[in-house]
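Student: Below is the sequence, then the predicted model.
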Amino acid sequence: MGRSWTWLAVACMAVACQRAPAQAPVPAASPGGPGEAVLIGMVGSLTGPEAHFGLDTRDGVTLALEEANAAGGVAGRPLALRAYDAQSKPEEAASAAMRLVLQDKVVLIIGENASSNTLAMAPAVAAAQVPLISPSATNARVTAAGGPYVFRVCFVDAFQGEAMAAFARSTLKLSRLAVLTDVKSDYSVGLADVFRRRFVALGGTVVAEESYAKGDSDFRAVLTRMKAHQPEAIFIPGYYSDAGPIARQARELGLQAVLLGGDGWDSGGKLAELGGTAVEGAYYSTHFSPDNPSAPVQRFLQAYQARFGRLPDALGALGYDAARVGIAALRATAGVGGAALRAAIAATHDFDGVTGRITLGPDRNAVKSAVVVRLVRGEPTFVSEVRP
């Protein structure tokens, strides 16, 4: 998931302005005394158009910390959370990251969900040597450009884009489709590119390519142009907040093509709320399916519902896994952050997460499976698993 690159430059300038000149990076937190809390930060969009992402992630992180504290914390110390709102804006994510490392002195940050927001935070965590684990930022540049202190527990767009293209071509037997991309989103542009290239390589044809920009509300003109090409399906690699209205307007225009998307559609019912019957039968790739009968997944579902009064979607599960990976590494360092914690996170291998077994490769990306779900009566229903 991701958005515009413009704010990365803003974030870099902001860090440069606020950091004391010619000084060493902010030191990692010391082990601390007995009973002194180990501070973990979290940055997510708790308000704004993608608020569902941040709210569910925060709940997943909260549950992981509460379970860890019930089991004794880290080296006899409790874990405490400092969560800040990115407001669905990269500049706010950058500001929150600086506050966490400079003011709160956290040893670890979980976040952000969107790729561009995560990239905007990267300069601050690099300067302070505070590891960051993103639950769901899937753009390839998040770790490639983010630096050695940026990790993620999700698959990358190259993997899910190819997985959805193969699913469309081989499973759904589609041969003609259109692609509708949000040009202001790194996530959307990157995922569309991977999907398009793979679909064509598999013998399919992209009959139309159209675009929109974040904040648009009327998609009828681009959808009308698409309809003229009679696509069998439309791939919409955007967020649920756009996919729902796009689906409604497509159906109003008589465009009955199959709708396909990526993990930005995963929204705990928000997509169905926005799209209504127009999204019925749509397919998208994601990280987690509550249909999974495994004991760890079912325990997590029960604990999450008992704590928050609702079932989680992929974002809650990814937030939970990101926090648990970080907590396991903190236990390995007895609560010490900095380079030691970075090395412990990098050593994560075959971690038993609720979103799958997680191994962090040398590029700090998770090697793990994706799932494809179909919306049936508004609920995501497991269709298939795609392994790396």
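Tutor: Perfect, thanks for sending it.
Student: For the rest of this, base every contact and every neighbour count on C-alpha atoms.
Tutor: Noted.
Student: okay, how far is it across stretch 200-216, tip to tip?
Tutor: End-to-end distance for stretch 200-216, by CA to CA, to the nearest Å: 29 Å.
Student: Let me know the average pLDDT across that stretch.
Tutor: In this model, stretch 200-216 has a mean pLDDT of 96.
Student: Any buried residues in that stretch, and which?
Tutor: 204-209, 212, 214 (16 or more other CA atoms under 10 Å).
Student: contact partners of it?
Tutor: Here stretch 200-216 makes contact (CA atoms under 8 Å, 6 or more residues apart in numbering) with 166, 169, 174-185, 196, 199, 219, 222, 226, 229, 231, 242.
Student: In strands, which of the residues you listed fall?
Tutor: If you go by DSSP state E, the contacts of stretch 200-216 have 176-182 in strands.
Student: Kindly present those residues as CSV, with separate columns for pLDDT.
Tutor: Output for the ones in strands among the contacts of stretch 200-216, formatted as CSV (pLDDT from 0 to 100):
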residue, pLDDT
176, 98
177, 98
178, 98
179, 98
180, 98
181, 98
182, 96
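Student: what's the closest of the residues you listed to residue 53?
Tutor: residue 182 (18.0 Å; CA to CA).
Student: can you count the residues close to that closest one?
Tutor: Neighbourhood size, residue 182 [other CA atoms under 10 Å]: 23.
Student: surely it meets residue 190?
Tutor: No: between residue 182 and residue 190 there is no contact under CA atoms under 8 Å: 10.2 Å.
Student: rewinding a little: would you list the ones in strands among the contacts of stretch 200-216 in TSV and tack on distance to residue 308?
Tutor: Compiled in TSV, the ones in strands among the contacts of stretch 200-216 are given as follows (distance: CA to CA, whole Å):
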residue	distance to residue 308
176	43
177	40
178	39
179	37
180	35
181	34
182	33
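Student: In these, find the pair that's most separated.
Tutor: The largest separation in those, counting by CA to CA, is between 176 and 182 at 20.5 Å.
Student: mind listing the strands in the stretch 201-350 of the chain by residue range?
Tutor: In the stretch 201-350 of the chain, strands defined by DSSP state E, counting those that start in this stretch lie at 205-212, 233-235, 258-261, 283-286, listed in chain order.
Student: Strand partners (parallel or antiparallel) of the shortest one?
Tutor: Pointing back at strand 233-235 there. Applying DSSP bridges, strand 233-235 is found paired with strand 176-182 (parallel), strand 258-261 (parallel).
Student: what does the longest one give?
Tutor: Strands adjacent to strand 205-212 in the sheet, as given by DSSP bridges, are strand 176-182 (parallel).
Student: then the partner strand to PDB, C-alphas only?
Tutor: C-alpha atoms of strand 176-182 as PDB (Å, rounded to 0.1, in the frame of the first residue of the first chain):
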ATOM      1  CA  ARG A 176      -9.200  -9.300 -22.100                       C
ATOM      2  CA  LEU A 177      -9.100  -6.900 -19.200                       C
ATOM      3  CA  ALA A 178      -8.700  -3.200 -18.400                       C
ATOM      4  CA  VAL A 179      -6.500  -1.500 -15.700                       C
ATOM      5  CA  LEU A 180      -7.600   1.600 -13.700                       C
ATOM      6  CA  THR A 181      -4.800   3.200 -11.800                       C
ATOM      7  CA  ASP A 182      -4.500   5.900  -9.100                       C
END
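Student: Generate CSV for the strands paired with strand 233-235, with distance to residue 379 as supplementary columns.
Tutor: CSV is the format used below for the strands paired with strand 233-235 (distance: least, CA to CA, whole Å):
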stretch, distance to residue 379
strand 176-182, 23
strand 258-261, 15
